[in-house]
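Colleague: Everything below, folded, please.
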Amino acid sequence: MSTVHIMSEESTLRVKTGSSGMKFDLHKSDPVDTPMVEQTKLDEDLSGTPIDQTKYRSMIGSLMYLTANRPDLVFVVCMCARYQSRPTKKHLEAVKWVFRYLQGTINIGLWYPKDIAMALTAYSDADHGSCQDTRRSTSGSAQFLGDKLVSWSSKKKTSTSISSTKAEYITMSGCCAHILWMRSQLSDFGFAYNRIPLYCDNKSVIALCCNNVQHSRSKHIDIRHHFIREQVEKGVVELYFMRTEYQLADIFTKALPREQFEFILPRLSIKCMKPETLKSLQDDQDA
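Modeller: You can find the predicted model right below:
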């Protein structure tokens with residue numbers, strides 16, 4: 001992606017963000033450091049005070065637009081979007097917090113320099129039982145070419161997992177399927193990938209994928225998720241353990257403390273897009 005395109009897209013996002021803040025009378029709010037309060041767990045809030053659905057949905061729609069270039073917003077926006085049918089004051093406060101975060105980060109976005117490395121790597125994570133209403137898990141994954149984030153996801157699972165190992169296993173299987181699709185697409189451009197690193201913060205899941213002796217403990221998991229074992233045996237994917245504090249996919253599964261959030265952001269290729277910073281980045285590219 002060219003520098004000119006990045007600047008143009010970020011300018012569009014800045015206009016959209018600023019106009020949304022003014023539209024909802026939030027442009028004068030004090031900025032905050034993270035898009036969601038640490039360890040926040042939203043629920044249906046059946047006893048809460050209902051609010052205007054049209055306004056709430058309009059706010060969610062504005063934020064959804066930004067998630068195309070702001071992976072730091074994906075989890076919280078998807079979380080708040082679950083309650084559009086009956087939003088309450090508590091849900092509105094969570095959305096307002098996101099706009100306050102945008103006030104202080106209006107100039108940041110993804111940065112893709114030219115001539116980057118093309119090594120394919122991935123991160124997979126799941127937050128077991130995170131949905132307070134259904135106790136379903138939230139899965140998150142991130143795929144990189146070199147050190148540049150090119151694909152990411154945050155999704156509530158369609159069924160309830162009985163253990164954290166099962167939740168992580170199913171999430172890793174989905175991430176592996178996405179890796180194989182990317183591998184297939186990139187092969188059309190002459191790139192060949194094997195032993196693709198896939199990072200997870202659960203040692204039990206890695207053992208389950210790499211050791212057939214563990215099969216008796218995974219019979220309850222649907223057979224469609226077991227193909228990841230075949231990919232490991234074929235050498236297409238290699239699984240690596242990564243400590244939770246370094247797990248980049250954590251940002252797509254839960255609300256993080258400020259220190260961990262700020263640690264992850266630059267590692268997702270998110271940079272400040274102020275004119276002086278862009279000029280410095282461009283000079284580094286041309287040097």
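Colleague: quick one: contacts of stretch 181-200?
Modeller: Under the contact criterion C-beta atoms under 8 Å, 6 or more residues apart in numbering, stretch 181-200 has outside partners 118, 120-125, 143, 151, 168, 172, 175-176, 179, 206, 235-242, 247-249. The way it works is simple: take the backbone N, C-alpha and C, and place the C-beta from them, glycine included.
Colleague: So Pro87 sits against Ile51, correct?
Modeller: Yes - when contacts are counted by C-beta atoms under 8 Å, Pro87 is listed as touching Ile51 (5.3 Å).
Colleague: Mind checking which of these two has more residues around it?
Modeller: Remark: of Pro87 and Ile51, Pro87 carries more neighbours, 25 against 16, as counted by other C-beta atoms under 10 Å.
Colleague: Excluding chain neighbours, give the residue nearest to the more buried one in space.
Modeller: Residue nearest to Pro87 in three dimensions, not counting chain neighbours: Tyr56, with 4.1 Å by C-beta to C-beta, 6 or more residues apart in numbering.
Colleague: distance of that neighbour from Val232?
Modeller: 44 Å (C-beta to C-beta, to the nearest Å).
Colleague: The helix or strand harbouring Leu102 packs against which elements?
Modeller: In the assignment (DSSP states H and E), Leu102 maps to helix 89-104. Judged by 3 or more C-beta pairs under 8 Å, 6 or more residues apart in numbering; DSSP states H and E, helix 89-104 is in contact with helix 3-23, helix 53-66, helix 74-81.
Colleague: Between helix 89-104 and the last one, find me the angle.
Modeller: Between the axis of helix 74-81 and that of helix 89-104 there is an angle of 150 degrees, by axes from the mean of the first three to the mean of the last three C-alpha atoms, to 10 degrees.
Colleague: same question, the second one
Modeller: With the same axes, to 10 degrees applied, the angle from helix 53-66 to helix 89-104 works out at 40 degrees.
Colleague: before we move on, the earlier item: and the contacts of the helix holding Leu102?
Modeller: By C-beta under 8 Å, 6+ apart, helix 89-104 touches 17, 20-21, 24, 26-27, 29-37, 40, 42, 45, 48-49, 51, 56, 59-60, 63, 66, 73, 76-77, 79-80, 83.
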